[in-house]
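1. Provide a 3D model corresponding to the input given below.
(chains A, B, C, D, E and F)
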There are 6 protein chains.
Amino acid sequence: MYPIDTSVETTHVVLPPDTNHYGNAFGGTIMSWMDIIAAICAHRYCKGACVTVCVDELQFKKPIKLGDIVTLKARINHTGTTSMEVGIRVERESFELDEDGCYKHPTKTHCLSGYFTFVALDEQGQPRPVEPIRPRDPIDIKRNKAAESRRRDRLARKSR
Amino acid sequence: MYPIDTSVETTHVVLPPDTNHYGNAFGGTIMSWMDIIAAICAHRYCKGACVTVCVDELQFKKPIKLGDIVTLKARINHTGTTSMEVGIRVERESFELDEDGCYKHPTKTHCLSGYFTFVALDEQGQPRPVEPIRPRDPIDIKRNKAAESRRRDRLARKSR
Amino acid sequence: MYPIDTSVETTHVVLPPDTNHYGNAFGGTIMSWMDIIAAICAHRYCKGACVTVCVDELQFKKPIKLGDIVTLKARINHTGTTSMEVGIRVERESFELDEDGCYKHPTKTHCLSGYFTFVALDEQGQPRPVEPIRPRDPIDIKRNKAAESRRRDRLARKSR
Amino acid sequence: MYPIDTSVETTHVVLPPDTNHYGNAFGGTIMSWMDIIAAICAHRYCKGACVTVCVDELQFKKPIKLGDIVTLKARINHTGTTSMEVGIRVERESFELDEDGCYKHPTKTHCLSGYFTFVALDEQGQPRPVEPIRPRDPIDIKRNKAAESRRRDRLARKSR
Amino acid sequence: MYPIDTSVETTHVVLPPDTNHYGNAFGGTIMSWMDIIAAICAHRYCKGACVTVCVDELQFKKPIKLGDIVTLKARINHTGTTSMEVGIRVERESFELDEDGCYKHPTKTHCLSGYFTFVALDEQGQPRPVEPIRPRDPIDIKRNKAAESRRRDRLARKSR
Amino acid sequence: MYPIDTSVETTHVVLPPDTNHYGNAFGGTIMSWMDIIAAICAHRYCKGACVTVCVDELQFKKPIKLGDIVTLKARINHTGTTSMEVGIRVERESFELDEDGCYKHPTKTHCLSGYFTFVALDEQGQPRPVEPIRPRDPIDIKRNKAAESRRRDRLARKSR
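-> Down below sits the predicted model:
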């Protein structure tokens, strides 16, 4: 399977229970949304049960506010024997007024990306092999290599 | 704008709080998901505030179960002076085992469709005009006519 | 059983998580409340499991706001061999100040009505017969006939 | 106003998020439901803002299970200068099979009662007077006296 | 076991869904938090299943507001043959500005206390004995006696 | 301030809405709990508003199941000019039976740790300085150095 065939998209609107008392979406809420879409992506790819084993460096670049529409896009970047790394991109659309009091065309802003690693499980809850992903387009090959490098760094930090 | 430019997609997984004690997703949960995606679609189209004014005949054709992945796709079918009809299609993917104990490739099943009508509001909460949608492809023209006919039926029932 | 013996009432207060960022209750929240009370009504009537199969034209006539008290009243309007139509009436009470700064006696406002159809299920999840409802008062007979006519329209639209 | 004019009723069904991992409704969930209906009752009575100040002895007599229909009935038992005591009765209906495998007519079981005291607040958040309740029927007079006695006990314990 | 070995602590922040439309935390939300920490405390103490049987006089002394940090501390005060009384103390921290516009060191305010009684259950759902608690410090002995006296009062009211 | 003075503890029990349909707590739920306790810790430390800016490598070492009691402990590990790194340790307690059918004393299992970085904000939403943390005990010094090294790695990866 090619990475493009694994893409999942989901859209949320930031509602009062998703925000703190300053009107910002919680980091925890955004991470929950990322975990669910990543789990759907991994679950579909491995056609069965899987669990989150690792979340790599998330950097919140732009705030997400009450009323923003938030789009999450996920796809499989990399596979190991039994593991799958899912990359998730989070964008917001905000509605603002222009000088004539009209709504401007909302522009999408990239707020954060994240990398969630899952392991596929068999019915006894033991890791089971997954089909290797086949990166083909230059962008997919680049993402696959970045995932590979994150994995090496993680193992290096572990053995430190 | 063409209907295709208004399409929104969202993906959920049916979790314990979404189900009754028989393991079926609540009708009310599915309707909430439909209302949110329809509101996002209408909100983006009219670039501002809008409210649900009408929900047309929903028929639950197939059950949706705990653990199913549910995809909702929405687009603008029809516009009036200040109103927008959003059509939403709800599909589920279930994971089942084949005779060898392997997960079969999940097939998407159409579970229900629905039509939610919204009115665009200005800052005083009064209806405000929306840009007319321009159906172009045969399928969009067909949906636009069906929306037109639902609207006529609704007005007829009202005056009965 | 007479329709009056099937009536169920429930009362909610619109809280922050039930509203969008304009302070209006979500259409989806109201529909969830309607689905739950309708399910309780049908479940009691058929003394067992049942599922939502159809929701007929809902028209949101009046907005429902943060802080409003919302009363839902449901009763069985009509029965088929295995199906039950539940009518639900939704009213709000708002608290407003009079010219002396005192709270005026809140008046109940009819905001919307809806018709949810359920099918009774046996333990295998197959439709099972329900006892026929016996409309007796003029208002119940009128509601029964309206349900009958909605059903015919629905079948007509299906075969179109 | 007579106590009967203050009565509020609400109906819930115990769903998975309302239960612990033994299938029993949480004490905390039941208390939240009681607090909301009591607040609606007090809010309507005093026609404005009010806060919970005291909850008296709740005794859980019978368990409430996943799938039970739970009815809460509240009314004003007693008023002080600025306070209102709301009595709430909680009943469950369970569905069980008889010897022929048919659902028996569900019987209502009294599970617990509780007494929640609220104080009416003005716009500065200060206590404000409420209209005295007028118990008239023997049962209302009895409840009013019991509320009176709970209040005296509470004051006695405070000064101990 | 000594009461000190049974202490549990938990910390919440009051978020929009926990509050009513006046910005106060719901009584019901606070009671739910108290029930959960009390259940954790009792569950750990009796090393198994247990249910809430009784909640004694809660007095809300100070309001809890949106954005407050709320700390709950629970410990076993008293045991009967099969029952455990858990005492819970609820404190809030509010952040306020001093005359220089700086945040003052927040002071903890005691908002309410409560006493929740649980009964330990065996696998058939029948009461089962619990190990007696051994109050040793003067404060624990005082709390144990107060629990004893609440219990006597409760039995006295029951037989009245 | 010393790290020990910044410690916060919170206790949860894994309930049905926190789990997927395999009975495991969601990664997203655990991350939400971590974000909330970390925010409380940072909020108290900087005595005001702050936002999550970064989450470092989380590794889920042990599964967390329905019914487990989960304890989270957070403290400030490191401060920059306007940033604070909060370390969070997550442990579970499970209840299992021994060979005599009695509950064994539950042992605490370390399930995961995580590092959440926050930036303190002034009333205009701009970064504002925080008091430097003063690690003193050997363990605090070790954690401070590890935080320092995570920060350097992060900056290195950024510039790659």
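2. Verify the contact between A:Asp56 and A:Arg154 for me.
-> Yes. The criterion here is CB atoms under 8 Å, and A:Asp56 meets it with A:Arg154 at 7.3 Å. Heads up, the C-betas are built off the backbone N, CA and C, glycines and all.
3. Just want to know which of those two has more residues nearby.
-> Higher neighbour count among A:Asp56 and A:Arg154: A:Asp56, with 22 against 14, using other CB atoms under 10 Å in any protein chain shown.
4. Relative to A:Arg150, how far out is the more buried one?
-> 5 Å (CB to CB, to the nearest Å).
5. Spell out which residues are contacts of both of those two.
-> Both A:Asp56 and A:Arg150 are contacted by A:Tyr115, under the criterion CB atoms under 8 Å, 6 or more residues apart in numbering or on different chains.
6. residue contacts, the closest residue to A:Arg136 other than its chain neighbours?
-> Spatial nearest neighbour of A:Arg136, chain neighbours left out: A:Tyr2 (5.4 Å); criterion: CB to CB, 6 or more residues apart in numbering or on different chains. Residues in contact with A:Tyr2 (CB under 8 Å, 6+ apart) are A:133-137, A:140.
7. closest to chain D among those?
-> A:Ile133 (35.3 Å; CB to the nearest CB).
8. I'd say the closest one and A:Thr79 touch.
-> Yes. Using CB under 8 Å, A:Ile133 is in contact with A:Thr79, at 4.5 Å.
9. anything in the helix or strand containing A:Arg92 sitting right up against chain C?
-> Per DSSP states H and E: A:Arg92 is located in strand A:83-93. No. Residues of strand A:83-93 contacting chain C under CB under 8 Å from any CB of the partner chain: none, with a closest distance of 14.0 Å.
10. who does that strand touch, helix- and strand-wise?
-> When contacts are defined as 3 or more CB pairs under 8 Å, 6 or more residues apart in numbering or on different chains; DSSP states H and E, strand A:83-93 packs onto helix A:27-46, strand A:69-79, strand A:108-120, helix A:138-159.
11. nearest to chain C, of the ones you listed?
-> Short answer: strand A:69-79, nearest of the helices and strands packed on strand A:83-93 by CB to the nearest CB, at 11.5 Å.
12. could you check whether that closest one is close to chain B?
-> Yes. Interface with chain B: strand A:69-79 contributes A:Ile69 (CB under 8 Å from any CB).
13. Can I get that strand in CSV, CA atoms only?
-> Presented in CSV, the C-alpha positions along strand A:69-79 are these (Å, rounded to 0.1, in the frame of the first residue of the first chain):
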residue,chain,number,x,y,z
ILE,A,69,-12.6,25.0,12.5
VAL,A,70,-9.8,22.5,12.9
THR,A,71,-8.8,20.0,10.2
LEU,A,72,-6.6,17.0,11.0
LYS,A,73,-5.0,14.9,8.3
ALA,A,74,-3.3,11.7,9.0
ARG,A,75,-1.3,9.1,7.0
ILE,A,76,1.1,6.2,7.5
ASN,A,77,4.7,7.6,7.2
HIS,A,78,6.7,4.5,8.1
THR,A,79,6.3,0.9,9.2
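14. Tell me the strands beside it, with direction?
-> Partner strands for strand A:69-79, per DSSP bridges, with pairing direction: strand A:8-13 (antiparallel), strand A:83-93 (antiparallel).
15. looking at these, which has the lowest confidence?
-> The stretch with the lowest mean pLDDT among those is strand A:8-13, at a mean of 92.
16. residues in contact with that strand?
-> Strand A:8-13 is contacted by residues A:18, A:33, A:36-37, A:40-41, A:44, A:67-75, B:8-12, B:36-37, B:39-40, B:43, C:20 when judged by CB under 8 Å, 6+ apart.
17. chain center to that strand, what's the gap?
-> 11 Å (CA atoms, centre = their mean, to the nearest Å).
18. do the same with stretch A:67-77
-> Relative to the centre of its chain, stretch A:67-77 is centred 7 Å away, using CA atoms, centre = their mean.
19. sorry, back to before: any idea how far the residue nearest to A:Arg136 is from chain E?
-> 41 Å (CB to the nearest CB, to the nearest Å).
20. Ok, A:Asn24 next?
-> 12 Å.
21. Then A:Glu57?
-> From A:Glu57 to chain E the distance is 25 Å (CB to the nearest CB).
22. Am I right that that residue is in contact with F:Val55?
-> Yes. Counting by CB under 8 Å, A:Glu57 does reach F:Val55; the two are 7.2 Å apart.
23. ok, the two, which is more surrounded?
-> Remark: of A:Glu57 and F:Val55, F:Val55 carries more neighbours, 25 against 20, as counted by other CB under 10 Å.
24. Please verify my assumption that A:Tyr22 contacts F:Gly48.
-> No. Counting by CB under 8 Å, A:Tyr22 does not reach F:Gly48; the two are 10.5 Å apart.
25. So which of those two has more stuff around it?
-> Comparing A:Tyr22 with F:Gly48 by other CB under 10 Å, the one with more neighbours is F:Gly48, at 18 against 14.
26. My guess is that one contacts F:Leu121. True?
-> Yes. Between F:Gly48 and F:Leu121 there is a contact under CB under 8 Å: 7.3 Å.
27. Now list whatever residues contact both of those two.
-> Common neighbours of F:Gly48 and F:Leu121, using CB under 8 Å, 6+ apart, are F:Arg128.
28. which parts of chain A sit against chain F?
-> For chain A, the residues in contact with chain F (CB under 8 Å from any CB) are A:20, A:22, A:24, A:26-29, A:31-36, A:39, A:49, A:51-60, A:63, A:116, A:153-154, A:157.
29. Buried subset of those as a ChimeraX selection?
-> The buried subset of these, as determined by 16 or more other CB atoms under 10 Å in any protein chain shown, is captured in ChimeraX by this line:
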select /A:20,24,26,27,28,29,31,32,33,34,35,36,39,49,51,52,53,54,55,56,57,58,59,60,63,116,153
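30. and chain B, which of the residues of chain A next to chain F contact it?
-> Filtering the residues of chain A next to chain F for proximity to chain B (criterion: CB under 8 Å from any CB) leaves A:36, A:39.
31. From start to finish, how long is stretch A:127-144 in a straight line?
-> Stretch A:127-144 has an end-to-end distance of 22 Å (CA to CA, to the nearest Å).
32. quick revisit: now do the shared contacts for A:Asp56 and A:Arg154.
-> Taking CB under 8 Å, 6+ apart as the criterion, A:Asp56 and A:Arg154 both touch F:Glu57.
33. Which residue would you name as the spatial centre of chain A?
-> A:Ile88 (2.1 Å; CA atoms, centre = their mean).
34. List the buried residues in the lowest-mean-pLDDT helix or strand in chain A.
-> Lowest by mean pLDDT, DSSP states H and E among the helices and strands of chain A is helix A:138-159, with a mean of 86. For helix A:138-159, burial by neighbour count (16+ other CB under 10 Å) applies to A:140, A:143-144, A:146-147, A:150-151, A:153.
35. Nearest to chain F among those?
-> When the buried residues of helix A:138-159 are compared for distance to chain F (CB to the nearest CB), A:Asp153 comes out closest, at 7.6 Å.
36. Quick one: residues contacting that closest one.
-> Residues near A:Asp153 by CB under 8 Å, 6+ apart: F:153, F:157.
37. For A:Tyr2, grab phi and psi.
-> phi -90, psi 150 (degrees, to the nearest 10).
38. now do the one 3 residues further on
-> Geometry field for A:Asp5 lists phi and psi as phi -70, psi -10, criterion degrees, to the nearest 10.
39. Report how many residues lie close to it.
-> Neighbourhood size, A:Asp5 [other CB under 10 Å]: 12.
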